[in-house]
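Participant: everything below, folded, please.
(one chain, ligands or ions: 2)
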Amino acid sequence: MRMLLRTEFPNGPFGDPSLYIWQIDAPRALLFDAGDLSRFTTRQLLKVDHLFISHCHIDHFFGFDLFLRLHIGSEKNITVFGPPSTSEHVAGKLRGYTWNLIHDQNLSFDVIDLDHLNQSRLTTRFHAKAGFEATDSRQESWNPSDPIFDNGLYRIRSALLDHRTPCLAYSIEERPSVRVLKSVIDDLGLQAGPWLEVLKTAYLSGMAEETVLQIPRRNGETWVIEANQLATQVLEPRQRHKLAYATDGAASRPNRESLLQLVESADLFFCETCFLNDDSDLARRTQHFTATFVAELARDARVKRLAPFHFSKRYLKRPEVILKELSTRFPGEILPLVQEPRQLRL
Ligand SMILES: [Zn+2]
Ligand SMILES: [Zn+2]
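Facilitator: Residues are numbered from 1 along each chain as shown. Ligands and ions are numbered 1, 2, ... in the order given. Presented below is the predicted three-dimensional model:
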């Protein structure tokens, strides 16, 4: 079964990370981290209306300038999610430029600082009309286990990692959906109509037992039936896919616990894998994962495919050692990422 969402990770295992997620025929896309954006096209980046930042270390955030540059002149509201203080970092970027000629423009950023520890979130608006000064700050309580994004087709959750600074990992999960078996409808002599939407909605919302349908037959009669009875015959549940993205964090037990639930049964897990286990001292000092930590996490969370990235440059000439260490503990498929040519022309 094909996934609703497609992914692109063009910077390879050593480049500064950015994961692009898009859906066929949809005018919008999602971007996870703003590292090196030069391997995306302008057209791709202009589709992004939700940006999910793991943390604001320079290798994950320096691409925001380019992202901002491309969007000047476009009429969009872009939502940026990140850990506490993300709005200050966005404000810092915006304050780095002179904005005296853009007050007639309709570009804005809503930056949402997610505070898992205090169960609150802060939304700050930066609008071109206000010279990108922070306005409309709003703090509210928030349950960190709730999705941070839900468009009816898929929803996104976050988890907190410790990287000696708060850092967020994200999961993207398709919502349950069903396929209508048209041949069965024909075999039953039923006429398609609005009742199919009622049936699908009742089934997906768990209300099928309480819903009674009046369905026109092709012979002119009306069939009265419980949605529950019909759903099992004419609806086929689609497989739900799940993606996850995690970078950066210490190879610690609390981070493992935090990620286990988030990435549980992911079909594809993009995960920072900076060091070999032999270099655990370095991993500890720089608060990064090791291949052994990632492989055991992915194995125990029953991840199907693992896409490791953010390798330390010390393995530049031998990236296969990371893949090898992963494969000794992770039984699923390991997807080696490839660095694509640069695309972007300003
Ligand atoms: Zn970092
Ligand atoms: Zn990093």
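Participant: okay, the residue in the stretch 51-200 of the chain positioned nearest to ligand 2: pLDDT?
Facilitator: Residue nearest to ligand 2 within the stretch 51-200 of the chain (Cβ to the ion): residue 59, separated by 4.5 Å. (Each C-beta comes from the backbone N, C-alpha and C, glycine too.) Note for residue 59: predicted pLDDT of 98.
Participant: how about residue 136?
Facilitator: At residue 136, the pLDDT value in this model is 82.
Participant: look at it and tell me its secondary structure.
Facilitator: strand (DSSP: H, G, I helix; E, B strand; the rest coil).
Participant: show me the contacts for it.
Facilitator: If you count contacts by Cβ atoms under 8 Å, 6 or more residues apart in numbering, residue 136 has them with 123, 124, 125.
Participant: next: residue 173.
Facilitator: Residue 173 makes contact with 154, 155, 156, 157, 240, 241, 242, 243, according to Cβ under 8 Å, 6+ apart.
Participant: of all those residues, the one with the weakest confidence?
Facilitator: The member of these with the lowest pLDDT is residue 240, at 85.
Participant: look up the closest residue to it, ignoring the ones flanking it.
Facilitator: Distance criterion Cβ to Cβ, 6 or more residues apart in numbering; nearest residue to residue 240, sequence neighbours excluded, is residue 174 at 4.7 Å.
Participant: the one you found reaches residue 154, doesn't it?
Facilitator: Yes: the pair residue 174 and residue 154 qualifies as a contact (Cβ atoms under 8 Å) at a distance of 4.8 Å.
Participant: list the buried residues for stretch 338-346?
Facilitator: Neighbour counts over stretch 338-346 (16 or more other Cβ atoms under 10 Å) mark no residue as buried.
Participant: quick one: distance of it to the chain centre.
Facilitator: Relative to its parent chain, stretch 338-346 has a centroid offset of 22 Å by Cα atoms, centre = their mean, to the nearest Å.
Participant: list of residues touching it?
Facilitator: Contacts of stretch 338-346 (Cβ under 8 Å, 6+ apart): 10-15, 37-42, 45, 66, 69-70.
Participant: stretch 180-197 too?
Facilitator: With contacts defined as Cβ under 8 Å, 6+ apart, stretch 180-197 is touched by 200, 213-219, 223, 233-236.
Participant: one more: stretch 216-223?
Facilitator: Residues contacting stretch 216-223 (Cβ under 8 Å, 6+ apart): 189, 190, 191, 193, 214, 215.
Participant: mind running it again at 6 Å?
Facilitator: Applying Cβ atoms under 6 Å, 6 or more residues apart in numbering, the external contacts of stretch 216-223 come out as 189, 191, 214, 215.
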